[in-house]
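[1] Dropping the sequence and predicted coords here.
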Amino acid sequence: MRFKFSKGRQRSLIRKYKGERTWKEVARKLRVTEGALRTWYYEKVLLPEKVCEQLDRTGMYKKYVIKEFEDNWGRSKGGAKSSGTTKTIKRPRKSAKLAELVGIILGDGNVHAYIDGKKRRSYMLRIAGDFTNDKEYLEKYVAPLCEKLFGIQAKFMYQEWKGEMFVILHSKELVLFLKSIGLKVGDKMESQVGIPGWIMKNEKYLRVCLRGLIDTDGCIHRMSRRDANLLRINFTNHNQQLLSDSRKGFLQLGFHPCNIIRKRTFYISRQEEIGRYIKQIGFSNQKHILRWKCFTAL
């Protein structure tokens, strides 16, 4: 559900909640991107119900809601007569490529299936990224990977003004297949989906799945300004099951990640293990490759 407020009230609600905090702090607290937060603040996009409940604990602003919309209201006219996409897909066998895609989906993807009483149906896989930093990765690596695995064409949605872009594949059969290999439909935080067992049990699959996770929700950076040679690989996610499984996966592969910090992140900082990560796991996301080359060139 999304709420339409009388003019200026959505902005007022966010400003009141923000107070003296930075946009980054507010976005982290709400578990949303800064880009999404700013679009709501400037009233370019309607406010989702869950976010509204976090912003307005007392319910004071409910009186300013002038209309409510279903989450798919923009698609409802065309979807009312639709029974969902019936694209036939290739059903790939379990493989390293499929395991890497699972990691990518667990990091920045969402498996979506929407059905309501009027038989509106929408089935899709959507993988998000930063418009500037992840564009090449999504266009030249993720989309071709999906197309090769499933035999259907990926589409792109660009929201440059929000700093976001998406790879999208519409298919009911694809959604059902992804469920069959251990992924879950809907909000990953609510479902607490982790790394599927068939990946955790296979070292080759586990390595590339972790690569997909680091490529999407991880980063490589310097540990200290005083010593440019000391590097660290971080993984950050708010899904506790995924955090635990990812850390356990690195332990299984012989790495020594730190304990989970503030229920949202852990890192690898032993320098010999940074080198081993590059050799044994590596990056598919060009932005990480360029950062690593920049750091090691100094």
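    Received it, and whenever you're ready, just let me know what you need.
[2] Okay, residue 286 and residue 135: tell me how far apart.
    According to Cβ to Cβ, to the nearest Å, residue 286 and residue 135 sit 10 Å apart. Backbone N, C-alpha and C define where each C-beta goes, glycine included.
[3] Show me how the record splits this structure into domains.
    2-69, 96-191, 197-297 (automatic domain parsing).
[4] Could you export those domains as CSV, including mean neighbour count?
    Below are those laid out as CSV (neighbours: other Cβ atoms under 10 Å):
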stretch, mean neighbour count
domain 2-69, 15
domain 96-191, 18
domain 197-297, 17
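[5] Can you check the pLDDT for the nearest residue to residue 167 once chain neighbours are set aside?
    Leaving aside its chain neighbours, residue 167 sits nearest to residue 127 (4.4 Å; criterion: Cβ to Cβ, 6 or more residues apart in numbering). Reading off the confidence values, residue 127 has pLDDT 96.
[6] Kindly report the same for residue 75.
    pLDDT for residue 75: 45.
[7] after the longest helix seen in the chain comes which helix or strand?
    In the chain, taking DSSP state H as the definition, the longest helix is helix 203-217. The helix or strand immediately downstream of helix 203-217 is strand 218-222, counting by DSSP states H and E.
[8] What angle do helix 203-217 and that following strand make with each other?
    Angle, strand 218-222 to helix 203-217, by axes from the mean of the first three to the mean of the last three Cα atoms, to 10 degrees: 70 degrees.
[9] ok, residues contacting strand 218-222?
    With contact meaning Cβ atoms under 8 Å, 6 or more residues apart in numbering, strand 218-222 is reached by 107, 228, 230-236, 274, 288, 291-292, 295.
[10] In the stretch 51-200 of the chain, mark out all the strands, start to finish.
    For the stretch 51-200 of the chain, applying DSSP state E, counting those that start in this stretch gives strands covering 65-69, 109-115, 121-130, 155-159, 164-170.
[11] Low-confidence stretches in the stretch 51-200 of the chain?
    70-86, 115-120 (pLDDT under 70).
[12] Residue 285 contacts residue 138, correct?
    No: contact criterion Cβ atoms under 8 Å: residue 285 and residue 138 do not qualify, at 9.2 Å.
[13] center of the chain - which residue?
    Centroid-nearest residue in the chain, with Cα atoms, centre = their mean: residue 108, separated by 2.0 Å.
[14] Quote the end-to-end distance of stretch 222-230.
    Stretch 222-230 has an end-to-end distance of 6 Å (Cα to Cα, to the nearest Å).
[15] Return the set of residues that bridge with residue 156.
    residue 167 (DSSP bridges).
[16] Next one: it from residue 39, what distance?
    Residue 156 is 19 Å from residue 39, by Cβ to Cβ.
[17] now the residue lying closest to residue 92 once chain neighbours are set aside: how far from residue 178?
    Ranked by Cβ to Cβ, 6+ apart and with sequence neighbours excluded, the top spatial neighbour of residue 92 is residue 149, at 4.8 Å. Using Cβ to Cβ, we find residue 149 at a distance of 11 Å from residue 178.
[18] Could you double-check that residue 11 sits in contact with residue 42?
    Yes: assessed by Cβ under 8 Å, residue 11 is found in contact with residue 42 at 7.0 Å.
[19] Next up, the contacts around the closest residue to residue 162 other than its chain neighbours.
    Nearest residue to residue 162, sequence neighbours excluded (Cβ to Cβ, 6+ apart): residue 35, at 4.3 Å. With contact set as Cβ under 8 Å, 6+ apart, residue 35 has these partners: 162, 163, 164.
[20] ok so, going back, now do the contacts for the residue nearest to residue 167.
    Here residue 127 is in contact with 104, 105, 108, 109, 110, 138, 142, 146, 166, 167, 168 (Cβ under 8 Å, 6+ apart).
[21] ok, now residue 203?
    252, 253.
[22] same deal with the one 4 residues further on?
    If you count contacts by Cβ under 8 Å, 6+ apart, residue 207 has them with 253, 280, 281.
[23] go again using 6 Å as the cut-off
    Contact analysis of residue 207 by Cβ atoms under 6 Å, 6 or more residues apart in numbering lists residue 281.
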